[in-house]
Structure formats: C-alpha cells, structure tokens
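**Q** fold the following for me, if possible:
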Amino acid sequence: MNLSPITQTKLYGLENKFIELSNLFINNKLPTKIILSGQKGIGKCTLAYHLINFVLSKGEINSYDTNNFSINNENKSFRLVLNNSHPNFNLIDVLIDKKQIDLAQIKLLIKNLSKSTFTTGPRIILIDNIELLNRNSINALLKTLEEPNDNTFFILIHNNKKVLPTLTSRCLNFKISLTNKNSISIFESLIGTEINQKVNNDLIDYYFTPGNLFNLLLWSQKNKIDLKNIELREFLSIILDKDLIKKDLFLNYIIYNFMELYLIKKISIKYSKLYSYFIEQFDNTKKFNLNFDVILSEFKFKVLNG
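**A** Numbering: from 1, shown residues only. Below you'll find the predicted structure:
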C-alpha cells in the first residue's frame, strides 16, 4: 500500500475545498501565493496535487476528471509530475538526508524560475513542510514571493507548526480540516474495508487524520502487531518496553496522541492533577525540545504501572 500524495489519483473528503480552489482558478481569481494549512496527514498535499493536475492537464488528453475528482493515470502531465520532469512544475521539500529545507534548494528554484520554459501555461511551485524552511531559505524565498513571474503560482503546505510570519503574511491561507467521522470515512475508502476490521476502537484518537491511521496500519503490519485485538494499555506497554519509538519516526511523531488518549480514557477524575501535569509536560517537551526519554519513563512509571 502506498499513501504518497503524488500517487493518489482519487480525492476523498476534500472535494468542496477542491471546487473552491479550482473555481478561483477558472475565474482568474486564484491568488498566486496560497498556503494549505492543517494537521499532518489530513490530505493537504493530495489536494494540492489534484489542483496541480487540474491546472496543468487542461487541453490535454485524459485531463482531470472534475465529475469524479480523479486524475487519469495516463495523463501526460500526471506522468511528468510523477517523474519530477514537468517543465512547469517545481517541488521543494526536505531532502532525505536533511532536517531542513536549505538555502541551496531555494537558490536552485530561483534560478529555474528565471529561465523560460518551452511550454506555455501556468507554472506551479509546490513547497511541502514549510515549517522546515530555515531562516536563510525563507529570506531568499521572500523576494520571489513578493514579485512572482507572470502566471506563476506558489502552493505552500503547512502542518500547523511554527513558521515565521514574514512568510505566512505574504500568502492567503486556506485552512483544511476534517471531522473525526470524515477522517474515518476517508481511511476506510483507502483500505477498502471498515475501520473496526483493522483497528481496535480503543486505539482510535478523535484527532487522528486519515494519514495517521493509514501509517499506523502500515507500521503494525511491519512490526507484526494485531491492532484489531489489542487494547490501548497493552499497545503503549509494547512500544515503550521495546523502545520502538526511538527507532521509528512515525511513532515518535504520534506517541503523544496515544499517551493523551490513555489519560482521557483510562484515568479517573480523582487523578485530574496527574492528567493536567502530563498534558503540560507533553506540551513543554514539544515546545522547548526537552528530553523525550524522561517524559516517557515518567509516564510509564506513574501511569501505565500505576
């Protein structure tokens, strides 16, 4: 199974937002600099790729299907974007061996934008994970954002993490959100079955996105853990005992959701101070980049082990 946004030819759950954006483009009212912001895994980048195909495939054979909100696998622009070889499309994202989007990537983008392409039509720049742009990268990008070339559109993907306001203030922000019911419905569409056939209800967090649920399923299959027949306490005990969090970026990202879910579901009201204490610790650990191991050990000792 593959949930990479660039390969998702069917759009689920965000059809209304697509209609809004595509209508703005049709009526020549789409801003040249937009941000799609929301939780990681909610579908922002998938939405962006559908909008990109809608724009780039106009006039082509097998163009975007607006009736079914789907990309045709045989469409020329889709194949070129998939191979990162479309002359009118540029993708900026953090490189595999890096932790930030560095200045060299932005300089290369600016150089490419200064060149004319052999095709007419709009140029689109997709910048994913803009919270990973460092200060130098942002400063280099600002001038290009302020004075974009004609018929050039910037789509920035923001995962609701801190970003310099000098960047966000220059773009129109479109907030992307889903209800818990919609998230589960999208997840079920992706896996082709009901969620309770794959995941114990005890593990489902109200704030989980379709991407979170899908990656959780992939992780469980890789580590041979049966999510359908495991409860939350046992699940937390396994991943904390085996130090799986330290070896897996996805678990590292999502562990706070599971610990907070356990506190909400399992801790008696008489221990409300304990709940408040750990919620504050979770926030501070993420906000100030504090020692991750300390809060995990404390949670395991004070909560899981009673």
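
**Q** ok, the one residue sitting closest to the centre of the chain to G211 distance?
**A** Residue closest to the average C-alpha location in the chain (C-alpha atoms, centre = their mean): K40, at 3.3 Å. According to C-beta to C-beta, to the nearest Å, K40 and G211 sit 7 Å apart. All C-beta spots, glycine's among them, are computed from the backbone N, C-alpha and C.

**Q** one step back: can you pull the contacts of the residue nearest to the centre of the chain?
**A** N159, N160, T209, G211, N212, Y253 (C-beta atoms under 8 Å, 6 or more residues apart in numbering).

**Q** strands of the protein, residue ranges please.
**A** Taking DSSP state E as the test, the strands found in the chain are 33-37, 89-92, 123-127, 152-158, 172-175.

**Q** can you list those strands in CSV and add mean neighbour count and distance to L190?
**A** What follows is the strands of the chain, written out as CSV (neighbours: other C-beta atoms under 10 Å; distance: least, C-beta to C-beta, whole Å):
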stretch, mean neighbour count, distance to L190
strand 33-37, 22, 19
strand 89-92, 20, 23
strand 123-127, 23, 22
strand 152-158, 22, 19
strand 172-175, 14, 23
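
**Q** right, and those - which one's nearest L249?
**A** Using C-beta to C-beta as the measure, strand 152-158 is the one of the strands of the chain that comes nearest L249, at 17.9 Å.

**Q** check the offset of that closest one from the chain's centre.
**A** The chain centroid and the centroid of strand 152-158 are separated by 14 Å, computed with C-alpha atoms, centre = their mean, to the nearest Å.

**Q** now stretch 188-197
**A** Taking the mean of its C-alpha atoms, stretch 188-197 sits 20 Å from the chain's own mean (C-alpha atoms, centre = their mean).

**Q** could you tell me the end-to-end distance of stretch 30-43?
**A** From the first residue to the last, stretch 30-43 extends over 20 Å; the measure is C-alpha to C-alpha, to the nearest Å.

**Q** now swap in stretch 63-74 and tell me
**A** Distance between the two ends of stretch 63-74: 9 Å, counting by C-alpha to C-alpha.

**Q** same thing with stretch 159-176?
**A** When the termini of stretch 159-176 are compared using C-alpha to C-alpha, they are 10 Å apart.

**Q** which residues does R123 bridge with?
**A** According to DSSP bridges, T152 are recorded as the beta-bridge partners of R123.

**Q** return the helix or strand in the chain with minimum mean pLDDT.
**A** Within the chain, confidence by mean pLDDT, DSSP states H and E is lowest for helix 244-247 among all helices and strands, at a mean of 75.

**Q** where in the stretch 1-150 of the chain is pLDDT low?
**A** Low-confidence regions of the stretch 1-150 of the chain, defined here as pLDDT under 70, cover residues 1, 118.

**Q** ok, which stretches of it are helices?
**A** Ranges of helices in the stretch 1-150 of the chain, per DSSP state H, counting those that start in this stretch, are 15-26, 44-56, 76-82, 103-113, 135-146.

**Q** how far does the longest one sit from its chain's centre?
**A** Think helix 44-56. The chain centroid and the centroid of helix 44-56 are separated by 14 Å, computed with C-alpha atoms, centre = their mean.

**Q** same check, this time on stretch 292-306
**A** Averaged over its C-alpha atoms, stretch 292-306 has a centre that lies 29 Å from its chain's centre (C-alpha atoms, centre = their mean).

**Q** buried stuff in that stretch?
**A** Taking 16 or more other C-beta atoms under 10 Å as the basis for neighbour counts, the residues of stretch 292-306 that come out buried are I295, L296, F299, V303, L304.

**Q** N223 versus the third one, what's the distance?
**A** Meaning F299. 21 Å.

**Q** same check, this time on the second one
**A** For L296, the distance to N223 equals 18 Å [C-beta to C-beta].

**Q** could you report the neighbour count for the residue nearest to G121 when sequence neighbours are not counted?
**A** Closest residue in space to G121, ignoring its immediate chain neighbours: N88 at 6.0 Å, by C-beta to C-beta, 6 or more residues apart in numbering. Applying the criterion other C-beta atoms under 10 Å, we find 21 residues in the vicinity of N88.
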